[in-house]
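> Need coordinates for the following:
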Amino acid sequence: MCLMDFFSRLLQSSSPRRTSRRIVPNHTINKRLSDKDHPNHAYKTNRIKTTKYSILTFIPKNLFEQFHRLANIFFILVVILNWIPQVQAFGKEIAMVPVIFVLGVTAVKDIFEDFRRGLSDRQINQKTCRVLRKSEAYVKTPWHAVCVGDLVHLSCNEVIPADILLLRSSDSSGLCHIETSNVDGENNLKQRFCVQVNKEQRKYNPTEFKGTVICDSPNVDIYRFNGFIPLDDGNKIPLSYSNILLRGCVLQNTDFVEGLVIYAGHETKAMLNNRGPRYKRSKLECKINRDIIWCALLLIFLCVFCAAASVIWLNKYDNPELIPFVPYGDSAQYNLGLRALIEFSKYIIIFQAVIPLPLYVSIEIVKLGHVFFINQDLNLYHEGTGKPFECRALNIAEDLGQVDYIFSDKTGTLTENKMVFMCCSIRGTDFPHKPIEENLDIVENARQSFSNMSRTSSVLTESGLEHQLLYMLASQHSSSFGTQRDIPADIQCVHEFFLLLAICNTVVVSNHPHEDKLNDAGFMPASYYDASLNGSQPNSPTFKKSESQKTMSSIIDLQSSSRSREASVAGSEYSFDRIMRYEAESPDELALVRAAKSYGCQLRKRSKDFVKVFLPGQGDVTLKILHVLPFDSCRKRMSVIVEHPISGEIILYSKGADCSILERLNSTYYEESEAVKILRNTSDHIIQYALQGLRTLCMAKRVIGRAEYETWQQSHNVAQAALENKDELLKNSADDIEKDFELLGATGIEDTLQDGVPDTVATLRKAGIKIWVLTGDKQETAVQVAYSTKLFSTNQEVLYLTCSDTKSTLEHITEYLKQIHCDQSKEVGLIIDGSTLSFALEKSCQECFLKLVVCCNSVVCCRVTPLQKGAVVRVVRDNLKKLTLAVGDGANDVNMIQTADIGIGISGQEGMQAVMSSDFSIARFRFLKRLLLVHGHWCYHRFAHFLSFMFYKNLISTFVLFWFQIFSGYSGSMQLGDIFLMLEHVLFTSLPPLLNGILDKDLSAETLSENPDLYKQGPSGELYTKWSFFGILLDALFQSIALYFIPHLAYLDSNTGIWEFGTTMMVILILIIYLHLGIETYSWTWIQWFLMVINFLFFWCCMIVVHAFCLDCEHPGNPYWVMENTLAKPTHVLIVVITSVIALIPRFLYRVFQWTFWPNDVMSMTKKIKLRNQEMTSEDSLDMTETTPQTGFKRNIRIWTTNTTEPHQVYRRQTSSDHISQTSIFS
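Numbering: from 1, shown residues only. So this is what the prediction gives:
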């Protein structure tokens, strides 16, 4: 934890944490009150400031942030040490250059990013909206001047400036529509409802609002808002998520709205969720910290050794006057301990390069390069949705090449999440269905869209679905809408079933354009309120018969053929297509509403208080909505409570998973023979649908007594007004009323697989990645999808784990482990349901369960909850110590995405919650193949080699300085010039490895995609193991020995000075580093060649220019004209060449022997490709000479044939052994 975070948390903990806030409308507050006495003064304004620095605070604050890194603090301390006269090892000013350079580069990057944020802040703050000011007029006001408690007026298509409590809407029913893509990425429209402070919503003027709002304190949950408005009589008006408009959303399909600002500025949910890119530490980066510790230990060892040797060396002199070097002054004042401390500090300065100064900055640049090139890959761009790859965590790109386990959602991740209604079971009868096209508008096409397949049940006569269902929907019995007692049960059930499909949802109907009536002066015209008094107000449910219904009835009376009735019903659903559009948050709901529409039950309008539907034989029917109990992953169902427009009955319609509906049926389904038969047939149909890979839902209803409803309503209102544990209270309240169901039927919805999913799954499995599919679907559906996606293969043994308690779960796991150990040759797959999974994750079973899943190549978990998804990922990650990746597309996948080491969100049909919580986002599951096998492999390969090289080049230069100390009496002097030693790692040897770390490719993208086995190199971590550092250490040690001792022996007993000796050594050092990099480079581009040549020439030019001037003419720091004199001697070139060759021989031979005798998979594949390319080049063509009898001229013939027996198409030459005659050649 950094210091800034520590102090901020300390300050926060010292002040009491508020769980709620009290908001008073500003127009009710006395304007004479001081700011301090204002009841809303403690809340933030709407001004946005995302910048971190100002002109005055930039330098101290930026330095403070950079010093959070211990490495930067270490190098600053080294610079400070160098300013102590007794310790100074380098030139004081020169020693500061590398540190200033690194800090300066980071500072320039930070100030550039902050400047861009400042420009964006100013643009947003200067936007305007209309706020209620004096004289009850709405005045244009900049966003930054909006405050909590202000009343705001917004027009259609206007962006919402703050989090606003909706008080009035132009819609007579008090609703509005918003588009939330700027907040959660979802493009579909959502409904929001006005607070019911006045029954006549259209006449209500928000300026009359005098109440106080009590609500949650600001929080990041964009899908939760709790609060209430206390009334004078002691009652409370509950507030919920459906009453709030979030900052950044856009008002749609509504003339205007007015509301009260609840959260402003940085307290809005959008800003609280705007955290920027996620920061994670990659697997390789953790290894860096381990190796940095080894570097620190090596530094301490070298410093202690040299300091001790220096003291021993100096103590040989009995006469202090004979000591060749003593730091400043009389040596008598320096005791042994002080002298050792001074020498130790001096060697810390000399050997500081052991810890790489530019390492962290270089790592950031390399990782940015990785992300940049992944973003530029058009193969990860989905043209259908226009959505590219997006990186939200910049630090873990190399982890993509080391994945061991993939945890995937099914719906929307492996499938398209474009639901198509395929079949239904009503009252125990199976009705297959053929999907209808969306844009058909003629009766004949509508009629032909229904399937002619016969029903599987014998309850009805042998006629097709189209005839039977439409006949039942168009029957004269339906005119009573369930009020007559003589209606056949099957017909009534069909009507109830399709009515449920049409109304038990949150689908939004949008149609006409909108216009704001607010005038330029900021007032609403009086005519607006006058019109509301005469307009139709749907305060009570209505029931009427439309012209289309009259026409339909006449058709039914006149036609004896059932086909005419069907055409009439089917045709009626197209009369509104040109003016209506459905917007749904859930693809399942949209599919069900469209299915109901295709059968004539059309959703026409929805508000908070009523829903209007068009029913066959009825026309428009308006039902009063009493309550909507939304879907949640615990209950696994959604319900709507409505009041019958004729009888006044209170009816609850519910849809949900079969396990959540069937277990709540009334007792008749276990007693009466007919009800038992319906339940049995429906259950059989659900299993059939699941075996076909269809998603299943059950539909049920319940008639609630008036007294029971009123009692339940009181307790439910208390739960709605609660601020604490509201979700739990609402869940318990829903459970109390959702019981004693009457089963209406079930549906089967098809969700087709995405393109390329089977190939991607099979390829990832070949890459050694174990894949788990975690889904809430039935076991049969999950199994069918597992086989269709090639998660399970036909030769794979599949184990089923379905138990009722912990003891039986443990017994089954133990038995399966025995079976696997007896026959370890088989591939094993596992299927486990949600309840058994909860037993398996208990402490008593967890160890055995993990042993079992390690033996499984693929696992399917069905009927799991979002919490179970996250728990599974956590158990595997923490106990198996494997790198996990979770991929999903919906809100129920957020838990596992955030738990996994790598979270990937699919930008699909279920919104953007998964994407917002992820580290990376892709548009389709198939992109995972290229992302992991290609980019993941490249990033891991590049980063591993980059780290090795960065440690290597720092170690070799340190060892060269160390060897010189032995032959200089441990004096602390150096043979390498200060300037070049300080600039070596910052300028002379930094850019080529940076470019290699970004551009190097060991294999092409095509080869990596076609050979998934190559990916196994990453999860095994073979490129950078815990022993890699010691290999680098030994390599650098040998090269430093050659680099120092060969020039040392060559110049022995000569008149060569220390500067000439050091200059030669510096040239060899830079050359060896470049040649070493060349040996480790797999692919070369012109940019790499160009930069390496330019960088080496730049080094030479610096050497020549610096030595051409007398920068320090005092002895001994005078390298004047040394480079020029050194180059004039022929021995210099000879020494450089011989030393470089000898130093690199071990590295070169190691690579030669490795490529020849023990190549890894990448090397083997590279050799195959090179051999194949050589064969294609050398044997591409054969020149054959032939003399034509007519002319005597000779001509050359080239012959090619294709060798189709090899895995890749290779062209080879035909020889005489192919038995092809010249006649056949020329023919």
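
> got the domain boundaries for this protein?
146-273, 284-319+337-369+935-1165, 390-414+754-922, 579-750 (the TED database).

> So which of the ones you listed is nearest Phe67?
Proximity to Phe67 (C-beta to C-beta) singles out domain 284-319+337-369+935-1165 among those, at 12.5 Å. The C-beta positions use only the backbone N, C-alpha and C, and glycine is treated the same way.

> sorry, back to before: nearest to Asp110 among the domains of the chain would be which one?
Closest among these, using C-beta to C-beta: domain 284-319+337-369+935-1165, at 11.5 Å.

> rounded to a whole number, what's the mean pLDDT of that closest one?
For domain 284-319+337-369+935-1165, mean pLDDT is 87.

> Next, the distance between the ends of it.
Domain 284-319+337-369+935-1165 has an end-to-end distance of 25 Å (C-alpha to C-alpha, to the nearest Å).

> Ok, stretch 608-621 next?
Termini of stretch 608-621 sit 16 Å apart (C-alpha to C-alpha).

> So, low pLDDT: which residues of the stretch 101-250 of the chain?
135, 184-188, 198-204 (pLDDT under 70).

> ranges for the strands of it?
In the stretch 101-250 of the chain, the strands defined using DSSP state E, counting those that start in this stretch lie at 128-132, 138-142, 151-155, 163-169, 175-180, 186-193, 213-216, 227-230, 236-239, 244-245, 250-252.

> sorry, back to before: mean neighbour count for the domains of the chain - can I get that in JSON lines?
Output for these, formatted as JSON lines (neighbours: other C-beta atoms under 10 Å):
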{"stretch": "domain 146-273", "mean neighbour count": "20"}
{"stretch": "domain 284-319+337-369+935-1165", "mean neighbour count": "18"}
{"stretch": "domain 390-414+754-922", "mean neighbour count": "21"}
{"stretch": "domain 579-750", "mean neighbour count": "19"}
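
> Any idea which of these gets closest to Asn375?
In terms of C-beta to C-beta, the element of those nearest to Asn375 is domain 390-414+754-922, at 6.5 Å.

> and the end-to-end length of the closest one?
OK, domain 390-414+754-922 end separation, C-alpha to C-alpha: 7 Å.

> Make 22 the starting number, not 1.
All right, first residue 22 from here; so that's domain 411-435+775-943.

> before we move on, back to that, how about the domains of the chain, which one is nearest Val123?
Here domain 305-340+358-390+956-1186 is closest among those (C-beta to C-beta), at 5.5 Å.

> Format the domains of the chain as TSV; extra columns: distance to Ser446.
Listed next are the domains of the chain as TSV, based on distance: least, C-beta to C-beta, whole Å:
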stretch	distance to Ser446
domain 167-294	29
domain 305-340+358-390+956-1186	42
domain 411-435+775-943	14
domain 600-771	4
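
> circling back: any chance of the strands of the stretch 122-271 of the chain in TSV with distance to Ser1041 as columns?
Converted to TSV, the strands of the stretch 122-271 of the chain look like this (distance: least, C-beta to C-beta, whole Å):
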stretch	distance to Ser1041
strand 149-153	58
strand 159-163	58
strand 172-176	57
strand 184-190	50
strand 196-201	44
strand 207-214	40
strand 234-237	49
strand 248-251	54
strand 257-260	55
strand 265-266	51
strand 271-273	50
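
> Nearest to Gly797 among these would be which one?
Of these, nearest to Gly797 by C-beta to C-beta is strand 207-214, at 20.2 Å.

> Touching, Asn294 and Met937? I think so.
Yes. Judged on C-beta atoms under 8 Å, Asn294 makes contact with Met937 at a distance of 7.1 Å.

> if I look at Ala1129, how far off is Ile1091?
Ala1129 sits 19 Å away from Ile1091, going by C-beta to C-beta, to the nearest Å.

> Next: Ile671.
Distance of Ile671 to Ile1091, given as C-beta to C-beta: 86 Å.

> ok, now Ile97?
From Ile97 over to Ile1091 the distance is 27 Å, taken as C-beta to C-beta.

> And Tyr691, by the same measure?
87 Å.

> Once you drop chain neighbours, what's closest to Pro60?
Spatial nearest neighbour of Pro60, excluding adjacent residues (C-beta to C-beta, 6 or more residues apart in numbering): Val45 at 4.5 Å.

> Give me the neighbour count for that neighbour.
Val45 has 17 neighbours, counted by other C-beta atoms under 10 Å.

> who are the neighbours in contact with it?
The contact partners of Val45, by C-beta atoms under 8 Å, 6 or more residues apart in numbering, come to Pro60, Asn61, Gly170, Thr233.

> so which of those residues comes closest to Ile309?
The shortest approach to Ile309 among the contacts of Val45 belongs to Asn61, at 49.4 Å (C-beta to C-beta).

> so is the closest one in a helix, a strand, or just coil?
Secondary structure assignment for Asn61 (DSSP: H, G, I helix; E, B strand; the rest coil): coil.

> ok so, going back, of all the domains of the chain, which one is nearest Leu949?
Nearest to Leu949, of the domains of the chain and by C-beta to C-beta, is domain 411-435+775-943 at 6.0 Å.

> Quick check: mean pLDDT of that closest one?
Averaging pLDDT along domain 411-435+775-943 gives 89.

> quick one: what helix or strand has Phe1059 in it?
helix 1049-1071 (DSSP states H and E).

> by contact count, what packs against that helix?
Identification of packing neighbours for helix 1049-1071 by 3 or more C-beta pairs under 8 Å, 6 or more residues apart in numbering; DSSP states H and E yields helix 304-336, helix 958-987, helix 1079-1101, helix 1151-1178.

> Many thanks, have a good one.
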